[in-house]
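Chemist: sharing a model prediction with you, sequence too.
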Amino acid sequence: PNEYVTTTVAGLTFRFLAGNFFQNNPYMLPVMVQHVLDAAVQQHASPTKNDNDPPRRMTHLIDCYCGSGLFCLSASKTMDLCVGIELNERAVGEARENAALNDIDNCHFVAASAEAIFQSPDPVVGTTLVQDFPRSQTVVVCDPPRKGCSPEFLEQLYAFQPQRVVYMSCDPATQARDTKGIVANGYHITSVQPLDLFPQTRHIECLMVFERDEDEREGRQESE
């Protein structure tokens, strides 16, 4: 139980304690990570609705339920700033060590419950808070346990209003439950991708991508 495992995913080295959670299919893991990255970095239309305005790139990433930093660190090359949050303090320590191991300096990790990240008073870097992230260029990646996202996390997510939510789930039933609330709070589904990490079993991973409805964002801002 005190042994460490070292593995490489998409050119990055990850070191984690045996027994801590890490996806255990080394053949499908790079495929899954690439799907998440492709969804996270995709540019989106300018919120001004002016056809002459170029698409905006996503610049900030929040990785909720981040474990030892798999998605957060993998996205670091394409983002200006990434922050991961994880309840398991040992996993957060591993995420920080993995960032150093791969010479990544634009990822920061917080040991707390997932909903705490949106209102954290602690600066991510310098004096920048998560609340300072540009909403129209921020993507939230969440990979919760089988029980899905907590109601508290979802309420904070709705209030934060990121441009995009990239939701990886190991239980499509709880993901479908959470999807109902996400869509009801101003998002639409842009893609659904099942991933078979556990062949010949009933278990799958499922990636869903949600994009913010601009009309909904404008309506909330006007009401405020």
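Modeler: That came in fine, so what should we check first?
Chemist: which pLDDT value belongs to the closest residue in space to L129 that isn't next to it in sequence?
Modeler: Leaving aside its sequence neighbours, L129 sits nearest to P123 (Cβ to Cβ, 6 or more residues apart in numbering; 5.9 Å). Yep, even glycine has a C-beta here, placed from its N, CA and C like the rest. The model reports P123 with a pLDDT of 85.
Chemist: quick check: phi and psi on L70?
Modeler: phi -50, psi -60 (degrees, to the nearest 10).
Chemist: what segments of this structure are helices?
Modeler: For the chain, the helices defined by DSSP state H cover 29-41, 70-74, 89-101, 151-160, 172-184, 214-223.
Chemist: run through who's touching the shortest one.
Modeler: If I follow you right, that is helix 70-74. By Cβ atoms under 8 Å, 6 or more residues apart in numbering, the residues outside helix 70-74 that reach it are 9-10, 12, 14, 22-23, 33, 36-37, 40, 61, 63, 66, 82-84, 95, 98-99, 102, 104, 107, 109, 141, 143, 168.
Chemist: what mean pLDDT does it get?
Modeler: Mean pLDDT, computed over helix 70-74, is 95.
Chemist: let's see it as PDB, backbone CA atoms only.
Modeler: Taking C-alpha atoms only, helix 70-74 is exported to PDB below (Å, rounded to 0.1, in the frame of the first residue of the first chain):
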ATOM      1  CA  LEU A  70      -4.400  13.900 -15.100                       C
ATOM      2  CA  PHE A  71      -6.700  16.300 -17.000                       C
ATOM      3  CA  CYS A  72      -5.400  19.500 -15.500                       C
ATOM      4  CA  LEU A  73      -1.800  18.800 -16.300                       C
ATOM      5  CA  SER A  74      -2.600  17.400 -19.700                       C
END
